[in-house]
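Asks: take this sequence and fold it.
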Amino acid sequence: MDRRIALLLERIGIRLLRYSLAIVFIWFGALKVVDLSPAADLVAATVSWIPREVFLPILGVWEVLIGVFLLYRPTIRIALALLFLQMPGTMLPLVLLPEVAFVDFPFVVTMEGQYIIKNLTLISAAFVVGGTARLRGRRDERDEQRRMI
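Replies: Down below sits the predicted model:
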């Protein structure tokens with residue numbers, strides 16, 4: 001029974017993870033496009049050398065594209081490339097605006113700091129999803145190996 005449950009979770013888990021990531025990126029990106037994101041002020045302060053009305057919609061569209069590309073299996077690699085180009089920028093406030101990200105450096109973070117640090121989970125999830133990019137051809141081989149066990 002345990003093996004069957006594990007196989008079921010494996011079969012649906014990665015797809016759910018991919019869709020969850022897509023929803024987060026589409027939702028958060030769309031909020032930036034229409035300037036309703038709770039993170040908009042943080043983003044604007046982090047890249048203060050680029051006007052907010054220019055940068056925020058571009059970042060929002062970028063995030064929406066990540067989400068849309070995650071929805072379709074053939075475009076996962078594009079989504080991951082965009083995501084890994086974008087993610088270092090999301091960590092910038094920890095370095096450029098420590099007074100906004102931390103109450104007491106380095107352990108006590110503000111709500112904004114928590115928002116930034118949760119991106120580690122998104123990055124990890126993206127690694128898991130990325131690890132499935134070549135599974136189509138290997139899935140039958142893996143299933144055969146499992147049957148032999």
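Asks: ranges for the strands of this structure?
Replies: 102-104, 108-109 (DSSP state E).
Asks: for Ala133, which of these is the nearest?
Replies: strand 108-109 (32.6 Å; CB to CB). In this view, the C-beta of every residue, glycine as well, is placed from N, C-alpha and C.
Asks: tell me the strands beside the closest one, with direction?
Replies: Using DSSP bridges, the strands paired with strand 108-109 in its sheet are strand 102-104 (antiparallel).
Asks: what comes into contact with the partner strand?
Replies: 94, 108-110, 113 (CB atoms under 8 Å, 6 or more residues apart in numbering).
Asks: swap in 7 Å and give it another go.
Replies: 108-110, 113 (CB atoms under 7 Å, 6 or more residues apart in numbering).
Asks: could you check how far that strand is from the centre of its chain?
Replies: 25 Å (CA atoms, centre = their mean, to the nearest Å).
Asks: from Leu56, how far off is Val34?
Replies: Applying CB to CB, to the nearest Å, the value for Val34 to Leu56 is 9 Å.
Asks: higher neighbour count, those two?
Replies: Remark: of Val34 and Leu56, Leu56 carries more neighbours, 23 against 10, as counted by other CB atoms under 10 Å.
Asks: wait, what's in contact with that one?
Replies: 32, 35, 40, 43-44 are the contacts of Leu56 under CB under 7 Å, 6+ apart.
Asks: ok, Ile76 to Leu16 distance?
Replies: For Ile76, the distance to Leu16 - CB to CB - is 15 Å.
Asks: these two: which is more packed in?
Replies: The neighbour comparison of Ile76 against Leu16 (other CB under 10 Å) goes to Ile76, with 19 against 10.
Asks: ok, and the closest non-adjacent residue to the more buried one?
Replies: Ala133 (5.0 Å; CB to CB, 6 or more residues apart in numbering).
Asks: ok, the one you found touching Arg77?
Replies: Yes - in this structure, Ala133 is within contact of Arg77 by CB atoms under 7 Å, at 5.7 Å.
Asks: okay, the residue nearest the centre of the chain: pLDDT?
Replies: Nearest to the geometric centre of the chain sits Leu122, at 3.8 Å (CA atoms, centre = their mean). Leu122 carries a pLDDT value of 93.
Asks: next, the contact list for it, please.
Replies: Per CB under 7 Å, 6+ apart, neighbours of Leu122: 21, 24.
Asks: nothing else from me, thank you.
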